[in-house]
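> What follows is a predicted protein model with its sequence.
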Amino acid sequence: MYVCSCFGVTEKQVQEHADAGACTPRQIASACKAGTDCGSCVRRIQAILGRGNCPRRELVDQGRPALTGAGALADADAVELPEAA
């Protein structure tokens, strides 16, 4: 069943993105554009996401960085680099 008619995103696709770690409608939108045009599907996306466990939310609750990539450290035990001269 389609969740987002504007971009042809199905409930299954939204669930797959959620299973891969997307925890919010904004993260779903970043993954597949659902919810970024008319916005009528955002409430349905919220319902699919529910209030289940979210690995990123658990990291935030522990005071650890939730996102990896440029500017964020994935490992709390990362070695600090010396400052450039």
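Arrived safely.
> What's the mean pLDDT across the helix or strand where residue 17 lies?
Using DSSP states H and E, residue 17 sits in helix 11-19. Averaging pLDDT along helix 11-19 gives 92.
> just stretch 27-38 next, same as before
95.
> could we number from 779 for the rest of this?
With 779 as the first residue, the last one maps to stretch 805-816.
> Quote the end-to-end distance of that stretch.
17 Å (Cα to Cα, to the nearest Å).
> what do you get for stretch 793-811?
14 Å.
> buried sites along that stretch?
795-796, 800-801, 803, 805-807, 809-810 (16 or more other Cβ atoms under 10 Å). For glycine as for every other residue, the C-beta is placed from the backbone atoms N, C-alpha and C.
> Between those, which sits nearest residue 818?
The nearest member of the buried residues of stretch 793-811 to residue 818, counting by Cβ to Cβ, is residue 803 at 12.1 Å.
> wait, that closest one sits on residue 825?
No. Under the criterion of Cβ atoms under 8 Å, residue 803 makes no contact with residue 825, lying 10.3 Å away.
> all helices for the chain, in order.
789-797, 803-810, 820-827, 833-839 (DSSP state H).
> What helices and strands are in contact with the longest one?
Using 3 or more Cβ pairs under 8 Å, 6 or more residues apart in numbering; DSSP states H and E as the contact definition, the elements that helix 789-797 packs against are strand 780-782, helix 803-810, helix 820-827.
> angle of that helix against helix 803-810?
If you take axes from the mean of the first three to the mean of the last three Cα atoms, to 10 degrees, helix 789-797 sits at 110 degrees to helix 803-810.
> Now the nearest residue to residue 808 once chain neighbours are set aside: phi and psi?
In this structure, residue 808 finds its nearest non-sequential neighbour in residue 800, 7.8 Å apart by Cβ to Cβ, 6 or more residues apart in numbering. Note on residue 800: its backbone torsions stand at phi -70, psi 130 [degrees, to the nearest 10].
> I'd say residue 800 and residue 807 touch.
No. Residue 800 is beyond contact range of residue 807, at 9.1 Å (criterion: Cβ under 8 Å).
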